[in-house]
Structure formats: C-alpha cells, structure tokens
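1. generate a structure from the sequence data that follows.
(2 chains)
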Amino acid sequence: MTYEFEKDHVVTIKDFSVEEVKSVFDIAEKMIPTAEGEEKISDLEGKLLATLFYEPSTRTRLSFEGAMKRMGGRCIGFAKPGTSSAKKGETLADTIRVAAGYADIIVLRHPHEGAAQLAANFSDVPVINAGDGAGHHPTQTLLDLFTINEEKGSVSDNHIGIAGDLKYGRTVHSLTNALSMFDTELTFISPPSLKMPDEILRELEKKGIPHKEVEGIEEVIEELDVLYMTRIQRERFPSDKDYEKVAESYHIEKEMLDRKDTKEDLDIMHPLPRVDEITADVDSTPFAKYFRQAANGIPIRMALLKLLIEG
Amino acid sequence: MSENEEKKVEKRKKIKITPIKHGTVIDHIRKGQAMKVLKILGLIERDIDFIVSIAMNVDSSEGKKDIVKVEDMELKNEELDKISLVSPEATVNIIRDYEVVDKHRVKLPDVVKGILRCRNQNCISNQDEPVKPEFEVVGKQPVTLKCNYCEREMKGEEISENVI
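-> From the prediction side, this is the model:
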C-alpha cells in the first residue's frame, strides 16, 4: 500500500493535508499491536534516532524513544541542555548538522519558537518538532486527532469543546488549527482573560467552521461529543485568589458527569499532566480517554518515524 | 535662456531642497522615517564616499514628509523596494543632469530578509544562530509580515521599530 506523505520534516501541523493525516492514522492503527508489545517488528532495525531535548519533557521523549525501539531502532541523545554542547555555546544550527551526521532522524524539543524550522533548514536527515517554545507540537496534535478518530470513527461530525487556557496554550492552538481541516463544530470554554486569540477565530470564520465561546463547562457539556480539557496555569493570574476562583470552575468530577445530561459517549481528553482539572474519580468512568490518548503517542510516533525514515 | 533652461529654473524655485545633479531622490517618505530609510539602505553603516542629505518634516500637498537625496549614486530598485516596509508611499526619482529620468513608487517585496529582526524575543532568529531573520509579506494594507521561523506577525510601528 502506498501512502500519501510528501514531507521531509514534521515542523507544524499546518503543513499537513487531510490525506497526509489519514496516512499517519492508517499506519498508526497497524502499529497498535506492536506498540502494546503483542507483536514484534524490525522495520527500523539498524536505524538511529537522535533525541535532542533542550527542555525537559519526559513523556514526549520516552514515547519517541519507545516508538523507535518498538520498531527495532536505537536512540541516542540528551535530555537536558546542561549535558549538551549548547552549554558550551554551540549554536543549534551546528548541533543539528553534527547530529544529522550521526543519526537517521532527529527529534527536537527546544525553548525557542521557530527552532524546529531552523533545524529543518540545516539538517539533511528528517527533523520532527517535539515542541518549540510557545510554537508547535505537531505530534501531540496528531495523537489528539487520532484518539478522536479512534473513539468516534472519524474526526468530522463531532462537536468538540476545548476548555482551559486558550490564550497561551500551544496545544489548543495547534489542535484548533488541525480540527479546522475537518467538518467539526467547536466550542471554546475559558475565562474571559484566557480566550482563544482573535487570529485563530478569524481563521475558523474564513474556513466556515461553526464555533462559539462560553465561560463555563456546564453551559455546554450536554452538547459535546468530546471535551478536551487543559491546565490553567497559576502564573497567568495576578493573585492566588484570582487563580483559585477560576480554577474551581474549570474542572470535571464524576458527580458532574452523572448529574448532567451528558451524552453517553462523551470522551474526555487531556494532554496531561493534569493538576486538578479532572478529579481521580473520573478515571474509572467510560468518559475518561486521557490515558488512552497518552498511550496513542507511541503508535502515532511510530508511524511518523517510519514514514520519514523510509521516505 | 532657452525654454528648457527656464523650466529647470522654475522647477528649482518650487523645490525648497537644493536639487542634485546626478543621483537618487527618495521623496514622499513618511514623516519621521528618513533615518529608518537610511538604515534600511545600509547608508549609515556603509563606508560611503558620496553625499547623502536628508530633509525632515517638509511641507507637501499631502502633509509633512521626509526626503532623502543620494548624490552621484543610482540605487537599484530591489534595494529601494525595501523602503516600502516603513514608507509604502515613497517615490524614487533617478536624476541625471538635474532631470528626472525615471520615477516610480517603491514596491513591496514578497520576502524580506536580513533587514528586520523578529519582534518575538523568544524567536530562534533572535538568538545567536547563523541565520538572517526572514519574513513573508502576508498583507499589503497595512503591510503585514510573518516571521518564517516563529510565524509571529508584525505590522505598522512594530516593523519600523525592528529595523536592524
């Protein structure tokens, strides 16, 4: 089977066509038994992944390394800048060119926006962006979409609520951009000070994606097929009191789901780590999809590594 | 005095600024942007051996404007087009023997490289990397630029404030 995938690098979800997203899904789905350890494959045997993590991110790094190893590949890299030559003043451009000489593919997490684009410009092996400052984190978005697709049978035809810090949240910006490629209805749930930026709303209007903004989860929960929760960070508020007031209304607990007229097949997602947006008693309900979502990080990253390395 | 010479004298009277014999006159620069224009054209840092004069706050039919004159030097269009970032209404006059032999308005380029820094301090192009900041022109009115690295947009004052 041939897949539609023309990319040399994965820098932002905006570069993807719907067909390319579907190609990633198709391969990721086939990878699930291997990702879960039930099957063994050696598609990437002899291949080397360099994980260059200038910022700590245990989950993302482990899932890339896990994905590579599940396909028979190996990994090299560093997990904090203190252990890299960046500390000695080497430019990212040089580090990338050196790493491209050692490995078959590079995964980069960097604190500066645009770092992955710069890396892609200097590297002659594929670069995958694993987060660049407040910029993009396309593999998170792909696994989010994959989870919706897996649970609902398609990304389209769903009413998706996105709640939390919509102003500064990189994850929700990428997710909204990606969802706008599909036929969805969106509701943004946030305090007034953390609303979705106008430029993103304008894009939705241009594409004719129906959307609305509300301030509370309870206002809209019974309409939703998917509720995507994100963390509201304390440092976004002038005082602890202000934060607590807002945080209290942006959390989900089992009682709320039972009490409310929620759809039976509502899926609650979260990019994790959570703080107290979702109480532990939700974990055992059929609504909770966030651990499944996290687990999907492996097959999605396997699919991308395979597509990029095998070209 | 021939008719042609009379016309020249008349014209010189109208222009308060001393005309130049040969060179480039950049007219209709937005008030207060003349120094930015010199910067964009690299006429401040460059070791030049020709005369550059500027006039600021000059009266014109459309209000106040700045003017830059570069003597004995005909600047190239691709260089001059960069001025449109801070002064899209600017016009360029190429002068030979006191006569305007070519006059045109500056044209916005599609890509702007190496003359502006990104307004996002956290953009990789603002770190010590071996790259020139690069922007795509995504809007013309007002001029809007998008950083090719971090995708942050800049317009208006943000553009003139970030001339390198």
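2. CA atoms of stretch A:103-119 as CSV?
-> Extracted in CSV, the C-alpha atoms of stretch A:103-119 (Å, rounded to 0.1, in the frame of the first residue of the first chain):
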residue,chain,number,x,y,z
ALA,A,103,21.6,9.7,13.2
ASP,A,104,19.0,8.9,10.6
ILE,A,105,16.4,11.1,12.1
ILE,A,106,16.3,13.9,14.7
VAL,A,107,13.6,14.7,17.3
LEU,A,108,14.0,18.2,18.7
ARG,A,109,12.5,19.9,21.8
HIS,A,110,13.7,23.5,22.2
PRO,A,111,12.7,26.5,24.2
HIS,A,112,12.7,29.0,21.3
GLU,A,113,9.9,29.4,18.8
GLY,A,114,11.0,28.5,15.2
ALA,A,115,13.8,26.2,16.4
ALA,A,116,12.4,23.2,14.5
GLN,A,117,12.1,25.2,11.3
LEU,A,118,15.7,26.3,11.7
ALA,A,119,16.8,22.7,12.4
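3. what comes up buried for that stretch?
-> A:103-110, A:112-119 (16 or more other CB atoms under 10 Å in any protein chain shown). C-beta coordinates here come from the backbone N, C-alpha and C atoms, glycine included.
4. so which of those residues comes closest to A:Phe5?
-> Here the nearest of the buried residues of stretch A:103-119 to A:Phe5, counting by CB to CB, is A:Ile105; it sits at 14.2 Å.
5. give me the local confidence score for the residue nearest to that closest one when sequence neighbours are not counted.
-> Nearest non-adjacent residue to A:Ile105, counting by CB to CB, 6 or more residues apart in numbering or on different chains: A:Pro126, 4.9 Å away. For A:Pro126, the pLDDT comes out at 98.
6. thinking again about what came up before, mind picking the two most distant members of the buried residues of stretch A:103-119?
-> A:Asp104 and A:Glu113 (26.4 Å).
7. can you give me the strands for chain B?
-> B:23-30, B:52-60, B:63-71, B:91-96, B:99-105, B:111-113, B:134-140, B:143-147, B:153-155 (DSSP state E).
8. can you list these in JSON lines and add mean pLDDT, distance to A:Ile217 and mean neighbour count?
-> Shown next, in JSON lines, are these (pLDDT from 0 to 100; distance: least, CB to CB, whole Å; neighbours: other CB atoms under 10 Å in any protein chain shown):
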{"stretch": "strand B:23-30", "mean pLDDT": "94", "distance to A:Ile217": "49", "mean neighbour count": "21"}
{"stretch": "strand B:52-60", "mean pLDDT": "92", "distance to A:Ile217": "57", "mean neighbour count": "14"}
{"stretch": "strand B:63-71", "mean pLDDT": "94", "distance to A:Ile217": "53", "mean neighbour count": "19"}
{"stretch": "strand B:91-96", "mean pLDDT": "94", "distance to A:Ile217": "57", "mean neighbour count": "18"}
{"stretch": "strand B:99-105", "mean pLDDT": "93", "distance to A:Ile217": "54", "mean neighbour count": "12"}
{"stretch": "strand B:111-113", "mean pLDDT": "93", "distance to A:Ile217": "44", "mean neighbour count": "16"}
{"stretch": "strand B:134-140", "mean pLDDT": "93", "distance to A:Ile217": "35", "mean neighbour count": "16"}
{"stretch": "strand B:143-147", "mean pLDDT": "94", "distance to A:Ile217": "34", "mean neighbour count": "21"}
{"stretch": "strand B:153-155", "mean pLDDT": "92", "distance to A:Ile217": "32", "mean neighbour count": "17"}
